[in-house]
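> Could you look at this predicted model? Sequence included:
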Amino acid sequence: MPAVSKGDGMRGLAVFISDIRNCKSKEAEIKRINKELANIRSKFKGDKALDGYSKKKYVCKLLFIFLLGHDIDFGHMEAVNLLSSNKYTEKQIGYLFISVLVNSNSELIRLINNAIKNDLSSRNPTFMCLALHCIANVGSREMAEAFASEIPRILVAGDTMDSVKQSAALCLLRLYKTSPDLVLMGEWTSRVVHLLNDQHMGVVTAAISLITCLSQKNPDEFKTCVSLAVSRLSRIVSSASTDLQDYTYYFVPAPWLSCKLLRLLQCYPPPEDGAVKGRLVECLETILNKAQEPPKSKKVQHSNAKNAILFEAISLIIHYDSEPNLLVRACNQLGQFLQHRETNLRYLALESMCTLASSEFSHEAVKTHIETVINALKTERDVSVRQRAADLLYAMCDRSNAKQIVAEMLSYLETADYSIREEMVLKVAILAEKYAVDYSWYVDTILNLIRIAGDYVSEEVWYRVIQIVINRDDVQGYAAKTVFEALQAPACHENMVKVGGYILGEFGNLIAGDPRSSPLVQFNLLHSKFHLCSVPTRALLLSAYIKFINLFPETKATIQEVLRCDSQIRNSDVELQQRAVEYLKLSSIASTDVLATVLEEMPPFPERESSILAKLKKKKGPGAVSVTELEDSKREGGELNGGGDRGPDTASTPSPSADLLGIRSAAPVGAAPASAGSLLVDVFSEAGTTTTLPSSSLFWLLFVCKNNGVLFENQLLQIGIKSEYRQNLGRMYLFYGNKTSVQFASFTTTPQLNVQTKPVEPLVEGGAQIQQVLNIECLTDFSDAPLLNIKFRYGGALQNLTLKLPVTINKFFQPTEMTSSDFFQRWKQLSQPQQEAQKIFKANHSMDTEVLKAKLLGLGTALLDNVDPNPENYVCAGVIQTKGQQVGCLLRLEPNAQAQMYRLTLRCSKDSVSRRLCELLAEQF
Amino acid sequence: MCMRFLLLFSRQGKLRLQKWFTPISEREKKKIIRDMTSMVLARQPRSCNFLHWKDLKIIYKRYASLYFCLAIENQENELLALEVIHRYVELLDKYFGNVCELDIIFNFEKAYFILDEFLMGGEIQETSKQMVNRSIEASDMLQETMEEYMSKPAF
């Protein structure tokens, strides 16, 4: 059938297209297009009203020109006109044009929405489908606003045609994905779930996509879909290959629907109902059995469809991770695929096994395939398959096979494709560290890594080897010896020189006894590489040299001579020049003792999560971190705190992004901050929510007795506080740290109290921190803490959060020292009943004397010794300064260690202050 | 089946059809098209049909002179995506009768209409070949007769 004989041939369009195809050059094509554009423009502008056909033809030509990659800046209006044509083809072209050239011109969108509205209410199913397609294709906010409430009605109405239902379901899904806030779940929820029972397979296929997406977001409301899905799946799986007529694809019954059902079930844990679960397990077993049956067709489509279901079933089995029998069967099946002649299946088997490797039930079974996987790494022709093999080796690695796997990966690195080398290097480095039993093996591995693939060894990797060598004295001698040997090679990678320089500078003394590696030999070896290195490496070597002067006084003269020569001391690079000058001076004027102190061996690095693991996670994206890695990072107690940004030169200062001003360590350790944090994380995963911390917020309470610390932290933002108070005045520094790598836009903070503050910068770069200063004055005594409102945009979502600022009345205390007799005299003077507030309460924290004393001092009062006749009791005195008045306060705290109780008594010259202080303090002990 | 885009291009890297299921800027589209053509055309024959690209899976298959290249989200099923491509080819074939690249060039709007009957918003709407064909034929029936059009002037 020739193409033009079908439907409507637009001859003018065909002529234009063949003209374009006949153009010999790009210029000729552009010329032809410009001619056509001029022609169309004049037709559109002409006096004569165009008939629908011509309009359609020209709009279609414009579309063609646009799809060739040229800009189109007119014709939108004509396309919109076509929408209201009652000729189907004209309408169809109009919708196609709108769908392809989405234009956010609001005037136009209004017109388009009007046309859509008319078509949706036309009750003509073909027109309705066109309109629904257009909404799904454009999917803009305006359209969602206009139609989000209309479409669910169309979807569940009894008289809607099947084809319209299909379009409506998917259109609604599209809108839900772009504007979830506008698609309101309502009475239609259960009717949508029951579409799983629809007789029309096409309706089920379309609806299940919607149901899966909604279930992921609201699992509880859609829970009933589990049993419906299981029974539908069971009917399909057990049907003969011809039962489902046209929904059978190459002898496989409904492969798309089966996969979608299996995918929907992956949104839920295994069914609790025994009967449902039994039926499902039966389905999964049938699917596994079918894989062993001889194929019903030799066509690749048959095996693809069948295996698509099989892989989806295996995903579900892995997701449940509770049926050892099925897991092992899945693993065996994948094992067969590892040797299949179809490259696609080998690829998928390797990929799928990666997830199986992290299940405790199947980890051992996966390991039995190690030889096949190593073979795949060596012999597969396709780099993406080799990449999967490398991933699987990484996932199946444990203590028992680490040496073998690392050796294989290292040897593969020598010939590996450039595209995957960096990732391979990271993986080898991680495995070598994780499974190192003896650290000499680790050092060997990393040095080999640098030797084989030095260019791909990122800073994180060589920083890490140095961290480990410094922290483990049993490996230092070996490391020095090995690195010395590696440096003997005539051409060695600059990264090797860096590691060599650092390690010999620290531990060269450990091998200096051997005349073959005497101090001067070591120095000459390092210095022979100096001139080939880049500036940062040279700077590192200069530091190594000065360390040598300390380690080996006999090298002093040689090294001073090197430092003194023009190429160092007059180096055009300011960093090198400065180091040369300073080191030369240091070596000549400092005494041996001073030198020994300044150039002392590096202190051990604090234990932290491997920075390379963090790097790999970043590289692979959050979804790609396998379970084993997560578990390991948990075990190490590591939190991803941006390691790797620390070089040897800054080694003694804390990593800039690690702790906010180093005050996180000042925050009391305990479950409270962590649990408050994770609570907020959940809240913040919803875009644009407002959060007010509850008044009993534990985080906030911690600040009653201290002035510095972390006030708030979630996944995005950390807020630290430093504050100081004098008399009735205070100054608070707020540090807003962006924990993500993405910029926060429109960042504003609004303190709701009478404070002086400068507005903050509206943008907070990823990883950056900004500071805000609040000047506070206490006018009178108060009980409610001022609030701070913070708003910013992260990605598209508006984040809004309200925090209580830790400003409490006790911050304005001036301590008052007094003798025992003075104290009791004043105590008696404050004897009116309302001046006293008393509470008896259970101890919530340690009753240790030192802890209590620290808290009472943190409160701001003077802690008076030898006042109370009972030495177990604590007595404090202070004056609260407000602008208008001074309030004298006396405090007595009587612990009862046996009962784990306290009695707290406050007497103040103002009764509201007594009550407030009593409330505040009762939460502190 | 969450699909992000479908591209059809020739062995020479000429784009024949582009369908984007999520809103993307024109600049980004051009970049993706460049990436896809260079990545897919560089593949050796008999390699596997799957690639990882950013956070997406790229599934491609060559039919005669045309490459079909489908991007799906990371957790989606590759084999099934391969059959989505095949089903689309079958639908084109059924409509045009032995479809070739020229049919798609000259009737690009039809290729879009057929795709719209099969997929919507990156999900599968209808997998039955009969059902899709029936609705495409029904829409052809709605059209005016060919003679009516042929009598119109070409320009």
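On my side now, so go ahead. Residues are numbered from 1 along each chain as shown, chains lettered A, B, ... in the order given.

> Near chain B, which residues of the stretch 201-350 of chain A are found?
A:201-202, A:205-206, A:209, A:246-247, A:249, A:254-257, A:259-260, A:263, A:301, A:304-305, A:307-308, A:311-312, A:343-344, A:346-348 (C-beta under 8 Å from any C-beta of the partner chain). C-betas here are computed from N, CA, C, even on glycine.

> From these, which land in helices?
Among those, DSSP state H puts A:201-202, A:205-206, A:209, A:255-257, A:259-260, A:263, A:301, A:304-305, A:307-308, A:311-312, A:343-344, A:346-348 in helices.

> Quick one: mean pLDDT over the longest helix belonging to chain B.
Longest helix in chain B by number of residues (criterion: DSSP H): helix B:78-96. Rounded to a whole number, the mean pLDDT of helix B:78-96 is 94.

> And the helix or strand following that helix, how far out from the chain middle?
Sequence order places helix B:101-106 as the next helix or strand after helix B:78-96, per DSSP states H and E. Taking C-alpha atoms, centre = their mean, to the nearest Å, one finds the center of helix B:101-106 at 12 Å from the center of the full chain.

> anything in helix B:101-106 sitting right up against chain A?
Yes. Residues of helix B:101-106 contacting chain A under C-beta under 8 Å from any C-beta: B:102-103, B:105-106.

> If any of those residues are buried, put those into a PyMOL selection.
Selection of the buried residues among the residues of helix B:101-106 next to chain A in PyMOL, burial being defined by 16 or more other C-beta atoms under 10 Å in any protein chain shown:
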select buried, chain B and resi 103+105+106
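
> wait, isn't A:Tyr456 in contact with A:Arg421?
Yes. Between A:Tyr456 and A:Arg421 there is a contact under C-beta atoms under 8 Å: 4.2 Å.

> Comparing those two, which residue is more hemmed in?
For A:Tyr456 versus A:Arg421, the count of surrounding residues by other C-beta atoms under 10 Å in any protein chain shown is larger for A:Tyr456: 20 against 17.

> What backbone torsions are found at the more buried one?
Phi and psi for A:Tyr456, reported as degrees, to the nearest 10, are phi -100, psi 0.

> And B:Ile72, by the same measure?
Dihedral angles (degrees, to the nearest 10) for B:Ile72: phi -120, psi 160.

> wait, isn't it in contact with B:Ala81?
Yes. The pair B:Ile72 and B:Ala81 passes the contact test of C-beta under 8 Å, sitting 5.0 Å apart.

> So for the two, which residues contact both of them?
By C-beta atoms under 8 Å, 6 or more residues apart in numbering or on different chains, B:Ile72 and B:Ala81 have these common neighbours: B:1, B:3, B:57, B:59.

> now these in CSV, with distance to chain A?
Output for the shared contacts of B:Ile72 and B:Ala81, formatted as CSV (distance: C-beta to the nearest C-beta, whole Å):
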residue, distance to chain A
B:Met1, 7
B:Met3, 11
B:Lys57, 10
B:Ile59, 10
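
> Go through those residues and flag the one the model is least confident about.
B:Met1 (78).

> residues in contact with that residue?
Contacts of B:Met1 (C-beta under 8 Å, 6+ apart): A:209, A:256, A:259-260, B:72, B:76-77, B:80-81, B:84, B:122-124.

> Determine which two of the residues you listed are furthest apart.
With distances taken as C-beta to C-beta, the most widely separated pair in those is A:Cys259 and B:Gly122, at 15.3 Å.

> Whatever helix or strand A:Ile405 lives in packs against which elements?
Element membership of A:Ile405, judged by DSSP H and E, is helix A:402-413. Helix A:402-413 sits against helix A:370-379, helix A:383-396, helix A:418-434, helix A:439-453, with contacts defined as 3 or more C-beta pairs under 8 Å, 6 or more residues apart in numbering or on different chains; DSSP states H and E.

> For that helix, what does the pLDDT average out to?
93.

> Distance from it to the middle of the chain?
Counting by C-alpha atoms, centre = their mean, helix A:402-413 comes out at 30 Å from the chain centroid.

> Identify each buried residue in the longest helix of chain B, please.
Buried residues in helix B:78-96, defined by neighbour count with 16+ other C-beta under 10 Å: B:78-92, B:94-96.

> Do you have the helices of chain B handy? List them.
Under DSSP H, chain B gives helices at B:26-41, B:78-96, B:101-106, B:108-118, B:129-141, B:146-150.

> which residues touch the fourth one?
The set of residues that contact helix B:108-118 without belonging to it, under C-beta under 8 Å, 6+ apart, is A:6-7, A:60, A:63-64, A:67, A:92-93, A:96, A:100, A:133, B:6, B:8, B:16-17, B:19, B:87-88, B:91-92, B:95-96, B:103-104, B:124-126, B:132, B:135-136, B:139.

> where's the closest residue to A:Glu414 other than its chain neighbours relative to A:Glu494, distance?
Using C-beta to C-beta, 6 or more residues apart in numbering or on different chains and skipping the chain neighbours, the partner closest in space to A:Glu414 is A:Ile452 (5.5 Å). The gap separating A:Ile452 from A:Glu494 is 14 Å, by C-beta to C-beta, to the nearest Å.

> Nice, that's everything, thank you.
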